[in-house]
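Q: got a predicted structure here, sequence first:
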Amino acid sequence: MAQSIKELAPSSVWSYFYDLTQIPRPTFHAAAAAAYVKAAGEKLGLETHQDEVGNVLIRKPATPGYENRPTITMQGHCDMVPQANSDKKHDFEKDPITTIVDGDWVHADQTTLGADNGIGVAMGLAVMADDTLKHGPLELLVTMDEEVGMVGAFGLKPGFSKGDILLNLDSELEGQLYIGCAGGVDINVSLEYEDNTEALDGDIPVRVFVKGLKGGHSGVDIHLGRANANKLIFRFLKKAVEAFDMDLASMEGGSLRNAIPREASCVVMLTEDELEDFTSFVADYQDLYNKEYKGIENPITFGCERLSEAPGTVIPEEVRDAVINAIEAVQNGVITYLVDFPDTVEASSNLASIRFGAGKLSVSFLTRSSSDSRKEMVASSISSVFELIGAKVELDADYSGWQPDAHSHVLEVMQDIYAKEFGNKPDVKVMHAGLECGIIQGVMPNMQMISFGPTILHPHSPDEKVQISTVQKTYKFLTKSLEQL
């Protein structure tokens, strides 16, 4: 019989996490998860509040003798990224997550696991439920809809939390303390055109597709050089329209702004006589992509299939070529690294999703940078490419990064605690992914902040997994920090 995660240690952490896996909670559909957190606080007899955007705050009095300690706020978010393999049927708004224990790891069944950030919320709830721990005044702040727009953090009002120190539990590499993160901005591109170009009589529809990519978190994994499915399709199309007398009927790829696209496809129209050569041309690109991304990607499937039903219209040639050139030209991936933290990305762009056809083009990007000026530079560069072809470009959900304080007293104390417990000092890092700390810092500027967590690999993809031994280690570090800070 397969092992249940409720049998893992620390049992209280895994029990709360199990409960969260049974509650569907994709972004914008996480109200039931927030209600669960609120009910948990009330069941423990603790002061519990929920604000107008759905954020939940639970307060726990200090252990006798610790009343004069600073108030520590543990913080995480209750929503998760909904991603599944294309052949996996899973309704993230209705179906629970199936968890699988595999050695020292827990993963899901071909879907995202939701350890980002369910395991952090579970740790916070476990602390609030444990009356054997020693600590000063405590808060657990669980925010809504972090993964798309950080809605909960933006909705926080001054005074909702009374914390002096924020321990964000949303980092993904154990043994690292994060003291800063990138900000971000969404870039949304739209273009409308006349959808009256009819497909040629006798042409046959062929679907070209790419799948099997690793994808991943566009902040955490962007430096790994993984393939972007949208970029692969358009790179192919650039050459295909030169080699064949073909039309493009539609294209779609990617979904979430903060996930590197794993799959994309397009429908082209060509003659029967060209089909064999076209199929061989596609196979050549599969070989090329697998050669280029060997050691980085899973085996990449780049293929084509004949369709039974042809579209009535195709994209006008001048629109098709303009968009292909724009997508080919636009920046994607790592753009600059931090000088003071050479292994940390400073600025990046993720070409997140494209929908093209039936008279409309929509493209979305998430641009990140720890420097506001760099972020604006990258956003301007991307905008300029699409403005050249007459597209409309809108910037949305712009937020600043969390500015690092390498001389923080809290950082110094927590480094010492970690070294005492585990025999070595943790690494101090600035994260390229967006954390809510920067936004919270804007609401509560005097809060000192640290972010840490267990090791979670491949968040925002169906390969997401959390390491059991690091959950144990992180929870011990959390409880020791609460006692000694």
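A: Noted; the coordinates are in hand.
Q: switch to C-alpha atoms for all contacts and neighbour counts from now on
A: Noted.
Q: tell me the pLDDT of the closest residue to Ile300 other than its chain neighbours.
A: Of all residues not flanking Ile300 in the chain, Gly212 sits nearest, at 5.3 Å (Cα to Cα, 6 or more residues apart in numbering). pLDDT for Gly212: 91.
Q: list the contacts for Gly212?
A: 262-263, 298-301 (Cα atoms under 8 Å, 6 or more residues apart in numbering).
Q: what do you get for Ile5?
A: Each residue near Ile5 by Cα under 8 Å, 6+ apart is listed here: 14-15, 18, 99-101, 106.
Q: please enumerate the helices of the stretch 151-300 of the chain.
A: Here the stretch 151-300 of the chain has its helices, by DSSP state H, counting those that start in this stretch, at 151-154, 229-243, 275-292.
Q: which of the ones you listed has the lowest average pLDDT?
A: Taking the mean pLDDT of the helices of the stretch 151-300 of the chain, helix 151-154 comes last: a mean of 94.
Q: using CSV, write out every CA atom in it.
A: Extracted in CSV, the C-alpha atoms of helix 151-154 (Å, rounded to 0.1, in the frame of the first residue of the first chain):
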residue,chain,number,x,y,z
VAL,A,151,-3.8,40.3,-5.1
GLY,A,152,-3.8,39.5,-1.4
ALA,A,153,-0.6,41.4,-0.7
PHE,A,154,-1.8,44.4,-2.7
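Q: so what does Ser11 look like in phi/psi?
A: phi -60, psi -40 (degrees, to the nearest 10).
Q: tell me the predicted confidence for the closest residue to Asp195 other than its chain neighbours.
A: Using Cα to Cα, 6+ apart and skipping the chain neighbours, the partner closest in space to Asp195 is Gly359 (4.6 Å). Looking at Gly359, its pLDDT reads 98.
Q: mind checking how far Gly359 is from Val267?
A: 15 Å (Cα to Cα, to the nearest Å).
Q: looking at these two, which one has more neighbours?
A: Val267 (23 against 18; other Cα atoms under 10 Å).
Q: show me what the residue lying closest to the more buried one once chain neighbours are set aside is bridged to.
A: Excluding the flanking residues, the one nearest Val267 by Cα to Cα, 6+ apart is Arg207, at 4.4 Å. The bridge-partner assignment for Arg207, based on DSSP bridges, gives Val267, Glu305.
Q: wait, Arg207 sits on Cys304?
A: Yes - look at Arg207 against Cys304 with Cα atoms under 8 Å: they come within range, at 5.4 Å.
Q: okay, and the common contacts of these two?
A: Going by Cα under 8 Å, 6+ apart, no residue sits against Arg207 while also sitting against Cys304.
Q: for stretch 15-30, how far is the first residue from the last?
A: 19 Å.
Q: mind listing what's buried along that stretch?
A: 15-18, 20-21, 23-27, 29-30 (16 or more other Cα atoms under 10 Å).
Q: please apply the same query to stretch 398-418.
A: Neighbour counts over stretch 398-418 (16+ other Cα under 10 Å) mark 398-404, 410-411, 414-418 as buried.
Q: okay, and which of those residues map to strands?
A: 398-399 (DSSP state E).
Q: going by distance to Val363, which of the buried residues of stretch 398-418 wins?
A: The nearest member of the buried residues of stretch 398-418 to Val363, counting by Cα to Cα, is Asp398 at 17.2 Å.
Q: right, I'll leave it there.
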